[in-house]
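> Turn this into a structure:
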Amino acid sequence: MGARASGGPRARAGLLVLLLLGLLAPGARGARGRGGTEKNSYRRTANTFSQSVSSLFGEDNVRAAQKFLTRLTERFVLGVDMFVETVWKVWMELLDVLGLDGRCVWGSFI
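Residues are numbered from 1 along each chain as shown. Coordinates of the predicted model:
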């Protein structure tokens with residue numbers, strides 16, 4: 001293996017954060033300079049940031065990361081939904097075992 005130009009993973013991560021902040025900062029300054037009158041200033045800044053990241057890491061890598069994060073988010077939301085449904089069913093069964101009507105108890109929490 002050849003000699004490394006940087007100090008290691010921490011140095012690379014720090015450099016990456018500085019690059020991303022450097023890419024984002026001009027867009028943020030430009031959006032502030034317009035006075036905030038345009039409705040699409042946030043969209044334009046996000047688009048500029050997205051293009052900068054795509055040019056830095058490559059469009060295919062950014063698409064793969066977006067696909068991965070989309071799937072991860074969907075799985076998380078599904079997991080939370082299933083958890084809440086399970087807790088709700090257990091709660092209703094517990095109320096049923098205690099002989100309480102869940103609809104009457106629910107009114108006291110609102």
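> Helix or strand next in line after the helix or strand of the chain with the lowest mean pLDDT, which one?
Lowest by mean pLDDT, DSSP states H and E among the helices and strands of the chain is helix 9-33, with a mean of 59. On the C-terminal side of helix 9-33, the closest following helix or strand by DSSP states H and E is helix 41-57.
> Okay, now the unreliable bits of the chain?
For the chain, the stretches flagged by pLDDT under 70 are 1-39, 104-110.
> Run a quick neighbour tally on Val62.
16 (other Cβ atoms under 10 Å). Yep, even glycine has a C-beta here, placed from its N, CA and C like the rest.
> ok, now the one 3 residues further on?
Residue neighbour count, defined by other Cβ under 10 Å, stands at 12 for Ala65.
> For it, give me phi and psi.
phi -70, psi -40 (degrees, to the nearest 10).
> Pull the contacting residues for it.
Listed by Cβ atoms under 8 Å, 6 or more residues apart in numbering, Ala65 has no contact partners.
> And it, how far from Gln51?
Distance, Ala65 to Gln51, by Cβ to Cβ, to the nearest Å: 15 Å.
> cool, and Phe57?
Counting by Cβ to Cβ, the gap from Phe57 to Gln51 is 11 Å.
> cool, Leu100 as well?
58 Å.
> Trp91 and Gly79, how far apart?
19 Å.
> So for these two, which residue has more residues nearby?
Trp91 (13 against 10).
> Skipping its backbone neighbours, what lies nearest that one in space?
Excluding the flanking residues, the one nearest Trp91 by Cβ to Cβ, 6 or more residues apart in numbering is Gly102, at 7.7 Å.
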